[in-house]
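S.K.: Any chance you can model this:
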Amino acid sequence: MELRDSGLVPSPVFVLFFVGVVLLLVVTTALGIGAVRYEFSYTGTVDGAEEVRWRFDYEDLTAEDKRVVQRAMEGERFVFEEEGALPGPGRGDIAIRYQNEWHGFERRTHVEPKSPFGVGAIASALAGVACIGESIRRKRGN
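M.R.: As a prediction, this is how the structure comes out:
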């Protein structure tokens, strides 16, 4: 009696389906996390800073955060790979009091599909769907 006949070796259709599920759930998720980017940009002066969750005095920021805030106020948009690189704590918009005026900044989280991780996530998702589709096609063919 062969090992294959004993039921201990999975069928190629099952292996193909399993590979597709792993590609979709594990590989795509892991690569997708690597494609997350954190954007920081200036939105202008703010009249009602009380509505903004995070408020700071410019003087309370670190030297690096001050540099980013100054450059953002000059029109530069920043995209960071790590959330900790954003000025201030937490997530969401912030208001910073600078020279007795409140200035608003938007902090946005998004997935960058053109990054190497983004391209990998898209490719692994497509490969996973293809593997699952092929396993279904093969199963119906039997």
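S.K.: all helices of this protein, in order?
M.R.: Secondary structure of the chain by DSSP state H: the helices cover 12-22, 28-34, 63-73, 116-141.
S.K.: So for residue 97, which of those helices sits nearest?
M.R.: helix 63-73 (11.2 Å; C-beta to C-beta). Where C-beta positions appear, they are placed from N, C-alpha and C, glycine not excepted.
S.K.: circling back: so for residue 48, which of the helices of the chain sits nearest?
M.R.: Nearest of those (C-beta to C-beta): helix 63-73, 19.1 Å.
S.K.: mind listing what's buried in the closest one?
M.R.: The neighbour-count criterion (16 or more other C-beta atoms under 10 Å) identifies 65-66, 68-69, 72 as the buried residues of helix 63-73.
S.K.: Now residue 44. Nearest residue, chain neighbours left out?
M.R.: residue 104 (6.0 Å; C-beta to C-beta, 6 or more residues apart in numbering).
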